[in-house]
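> Generate a structure from the sequence data that follows.
(one chain, ligands or ions: 3)
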Amino acid sequence: MMRKLLWVAACVIVVCALAVASIFFGAFEKSVVAGDVDEPLTADAMAALAERGAYVAVAADCYACHTAKGGAPWAGGLPFETPFGTIYATNISPDKDNGIGGWSRAEFHRAVRDGVGKNGHLYPAMPYASYRKMTPEDVDAVYAYLMTREPMKVANKANALSFPFNIRRGLTFWNLVNLSGDTQAEVAERSAAWNRGRYLTDALAHCGECHTPRNALQGMKADAYLKGADIEGVHAPDLTKAGLQRMGFGPHVLSAFMKSGLSAQGGMTGQMFEVVHFSTQYMTTDDLDALSAYLFDLDALPADEMTPEMSEPAAVDAELSAAAKPAYLSLCSGCHGVEGQGIPHVVVPLSTNASLRLTNARNLIRVVLDGIPAQRFPGLERMQPMPGFAAELTDRQVADLVNWLRRKWGGQEADIGPQEVGQLRHGLETASAGR
Ligand code: HEC
Ligand code: HEC
Ligand code: HEC
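Ligands and ions are numbered 1, 2, ... in the order given. Predicted structure coming up:
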């Protein structure tokens, strides 16, 4: 009896070990790249594709990640901090030694859509989970465009990851759990604009990489698609129709906002400012309208702007007013105005600001603590810097001020406590200590 049990246990262990090994060696990997890309593109085809590739690369925001701040264009080196260590974006200029100059068409397709580079599996900091949905034509176009860039002799930086995360093959497990085998098919019942908007949102502009919450394995949660996620101390808000309306956006305003980075709902800040700066400001009006139509689940933008369904400003109780209003009047109103009206072209209004209407108060607290550096927006718009008030205000004072703002102009509950401010302040201190 004992012997038999031992045999069964041994068999189970062997089967499990074989399963783990076969995942590790890629037996379950699902490539979405078709075999026809093994055929190289002709020089004529490359030349014809390059111009469109420039647009695709901008819409997909490749440059922003693959160029270090102040570094050579396309030469990589931008660091990505993850819980497991630092990953550096690579040189994708056509340099033969350091970049992708020696990469075939097929190798490039596999890297962008399957996340398997010429030198092994890629970490999902490279958003292949989204680019997987790119069309082969668009990937060809980007390939052709990159090959027209100037080759940069800049060596790649080695990633600094702890064991076992430094084993690239281990990503076969991540891919098995988090990658879908399907590409995105057009939905026949919906308009061409809606389908284009979905393609921009999910594939090229990869909005979900930041706005969809992640599971314990850091994969995007399919059942919470675009419902908002915390990234690097801020909240990338809910982009579903309900979420956008709550922030006060209508479809026309959203489309214009993705072009200019400015609206009555506020200015783009932080990582979102960079998305507008490097990518969406260059999208065509048709593409921005399609993006907005899709996010509002419309087949086309309506003739007239929709009035968003959002919470109305609410009455503030006297005690909270007494605690917070003097601070607002002395510290904030000089720029934002007594009625929160702002100063056109210089300071954004607060009475209509999206960050006061989010259920999550994180962005508002961070802005009060950290301030915002001076930013230049597309066109000639520019905003003056906003100072941070971390040194002037206690956690209690920040909480009161934030509650007062959220209640008065955002119609939210006044439920932020000093401990929440303290946690964010602490995160702020550890982050700046490392800088
Ligand atoms: C959000 C940041 C980000 C964006 C956007 C991005 N990449 Fe990457 N990419 C990375 C990182 C990080 C790596 C390195 C991953 C690693 O070391 O495993 C990488 C690796 C690659 C590689 C593999 C290079 C090599 O030497 O192995 C290629 C090819 C590539 N990216 C192409 C692109 C293209 C084309 C686009 C636009 C369509 C793009 N990337 C957009 C972050 C990004
Ligand atoms: C690299 C990460 C990243 C990507 C990609 C990204 N976002 Fe964001 N987005 C953010 C963050 C972070 C915020 C919150 C900014 C803040 O308030 O500090 C934000 C805020 C926003 C806001 C609210 C702006 C406001 O005034 O608070 C909208 C609308 C938005 N994003 C739309 C989009 C759309 C549409 C896409 C795809 C085209 C997209 N984002 C892609 C990170 C990202
Ligand atoms: C010196 C002028 C100045 C002062 C003082 C100031 N702000 Fe600002 N604030 C700005 C400017 C300018 C912006 C827009 C920056 C941008 O979007 O680039 C801004 C933006 C904001 C935003 C919107 C952030 C977003 O994501 O859209 C909030 C909220 C805010 N301020 C709150 C406050 C509060 C609360 C105070 C007082 C404690 C304050 N500000 C004091 C200039 C100021």
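
> For the helix or strand residue 365 falls within, the averaged confidence score.
Here residue 365, judged by DSSP states H and E, is contained in helix 362-370. pLDDT averaged over helix 362-370 equals 96, rounded to a whole number.

> same deal with stretch 79-92?
Per-residue confidence for stretch 79-92 averages out to 94 on the pLDDT scale.

> How far away from the center of its chain is it?
Centroid separation between stretch 79-92 and its chain, computed with Cα atoms, centre = their mean, to the nearest Å, is 15 Å.

> What is the neighbour count of residue 4?
For residue 4, the number of neighbouring residues by other Cβ atoms under 10 Å comes to 8. The way it works is simple: take the backbone N, C-alpha and C, and place the C-beta from them, glycine included.

> Check residue 352 too.
Residue 352 is flanked by 21 other residues according to other Cβ under 10 Å.

> Could you check how far it is from residue 359?
For residue 352, the distance to residue 359 (Cβ to Cβ, to the nearest Å) stands at 17 Å.

> and the very next helix or strand once past the helix holding residue 365, what does it pack onto?
Remark: after helix 362-370, the chain's next helix or strand is strand 375-376, criterion DSSP H and E. Contacting strand 375-376 under the criterion 3 or more Cβ pairs under 8 Å, 6 or more residues apart in numbering; DSSP states H and E are the following elements: strand 382-383.

> Can you tell me what sits against the strand it packs on?
In this structure, residues lying in contact with strand 382-383 by Cβ atoms under 8 Å, 6 or more residues apart in numbering are 262, 267, 345-348, 372, 374-377.

> Stretch 110-123 too?
With contact meaning Cβ under 8 Å, 6+ apart, stretch 110-123 is reached by 29, 31-33, 82, 87, 103, 107, 124, 126, 128-129, 131-132, 134, 139, 142, 159, 168-172, 175, 179.

> from the residues you listed, which ones fall inside helices?
Cross-referencing these with the helices (criterion: DSSP state H) gives 107, 128-129, 131, 139, 142, 171-172, 175 as the overlap.

> Show me the two of the residues you listed that sit farthest apart.
In those, two members sit farther apart than any others by Cβ to Cβ. They are 142 and 172, at 25.3 Å.

> more crowded one of these two?
More neighbours sit around residue 142 than around the other of residue 142 and residue 172, counting by other Cβ under 10 Å; the figures are 26 against 18.

> Distance of the more buried one relative to ligand 1?
Between residue 142 and ligand 1 the computed distance is 5 Å (Cβ to the nearest ligand atom, to the nearest Å).

> And that residue, how close does it get to residue 66?
Residue 142 sits 11 Å away from residue 66, going by Cβ to Cβ.

> just checking, residue 273 touches residue 261?
Yes: applying Cβ atoms under 8 Å, one finds residue 273 in contact with residue 261, separated by 6.4 Å.

> Centre of the chain to stretch 274-283, how far?
Going by Cα atoms, centre = their mean, the spacing between the C-alpha centre of stretch 274-283 and its chain's C-alpha centre is 12 Å.

> low pLDDT regions in the stretch 301-435 of the chain?
428-435 (pLDDT under 70).

> Quick check: residues of the stretch 101-250 of the chain near ligand 2?
When proximity is defined by Cβ under 6 Å from any ligand atom, the stretch 101-250 of the chain lies next to ligand 2 at 205-207, 209-211, 231, 234, 236-237, 239.
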